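A.B. asks: sequence first, predicted coordinates after that:
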Amino acid sequence: MTLILLGLLSTAAAALLGGLTGFGYALLASPLLLLIGLPPAQVVAVNLLLALFTRITVVARWWSHIIWSRALVLTLSSVPGLAIGLLIVERVDQSVLRWTTGVLALVAAPLLMISRPRQGQLHRGFYALAGLLGGAFATTTSLNGVPPALTLASDGGARRSLVVDMAFYFVVSNVVGIVLMVLSGGISDGALELVGLWLPGCLIGNWAGTRLAPHVPATAFRYLVCVLVVAAGISTLASG
């Protein structure tokens, strides 16, 4: 019962962050769920499913703002990365995945904080590489938003387009990742039960995040995200 309550609070808080940023859900949820005792494989399955459900509403709401030239490249290039990630999981110890999650959180948070948009869109090759890496991160640590977020943060597009492009990428890539995990036996009944228990809190957190986003100063928000994620990453490393 304690794990369920802590997981509910953790995923709801992460969904709030995801609603604010468009990508931060797994960056906070992964280390927190590992910290309360969930196995890495279960964390990946739960996060992919919860992120999928919370991002669908964003795609439906802002469909017309998708920049297809980058969203499709990001999404399609993630598919081989998803398969690569599953091969890695079969050959790597779970303690290594726990440490990898903590280190990625510590590295990604300051990079996301200092990244600034440039003028004009990046070359499609950058999006393809980000999608490939994101796919590999998805099925190993569930941190599939980090490479695309770093890439899109350097793009000169509008914030709403960035958020919905990321949401489209999450929805399609997560569906493919979940199918591959089911075929490989990587999703347990326990993971599905936890998703059912935690989904309402995630939807509420995501809704609140999207409503608060326009009212949070950009600089203060970047620092808050960095502090939360770094703290979660350090806790994960300490618990490992």
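C.D. replies: Structure received.

A.B. asks: OK, contacts around Gly22?
C.D. replies: If you count contacts by CB atoms under 8 Å, 6 or more residues apart in numbering, Gly22 has them with Val58, Ala149, Leu162, Val163, Val164, Met166, Ala167. (C-beta placed from N, C-alpha, C; glycine too.)

A.B. asks: taking those together, which two end up most distant?
C.D. replies: Across the contacts of Gly22, no pair lies farther apart than Val58 and Ala149, at 14.3 Å, counting by CB to CB.

A.B. asks: tell me the pLDDT of the most centrally placed residue in the chain.
C.D. replies: Centrality entry for the chain: nearest residue to the mean C-alpha point is Ala26, 3.7 Å, by CA atoms, centre = their mean. Taken from the predicted model, the pLDDT recorded for Ala26 is 85.

A.B. asks: how close does it get to Ser64?
C.D. replies: As judged by CB to CB, to the nearest Å, Ala26 and Ser64 stand 26 Å apart.

A.B. asks: wait, Leu180 sits on Ala83?
C.D. replies: Yes: using CB atoms under 8 Å, Leu180 is in contact with Ala83, at 6.5 Å.

A.B. asks: between those two, which one's more packed in?
C.D. replies: Legend: neighbour count by other CB atoms under 10 Å for Leu180 and Ala83, higher for Leu180 (19 against 16).

A.B. asks: which ones are touching the residue nearest to Leu106 when sequence neighbours are not counted?
C.D. replies: Using CB to CB, 6 or more residues apart in numbering and skipping residues adjacent in sequence, the residue nearest Leu106 is Gly233, 4.1 Å away. For Gly233, the contacting residues are Pro31, Thr101, Gly102, Val103, Leu104, Ala105, Leu106, Ala109, by CB under 8 Å, 6+ apart.

A.B. asks: good, we can wrap up now.
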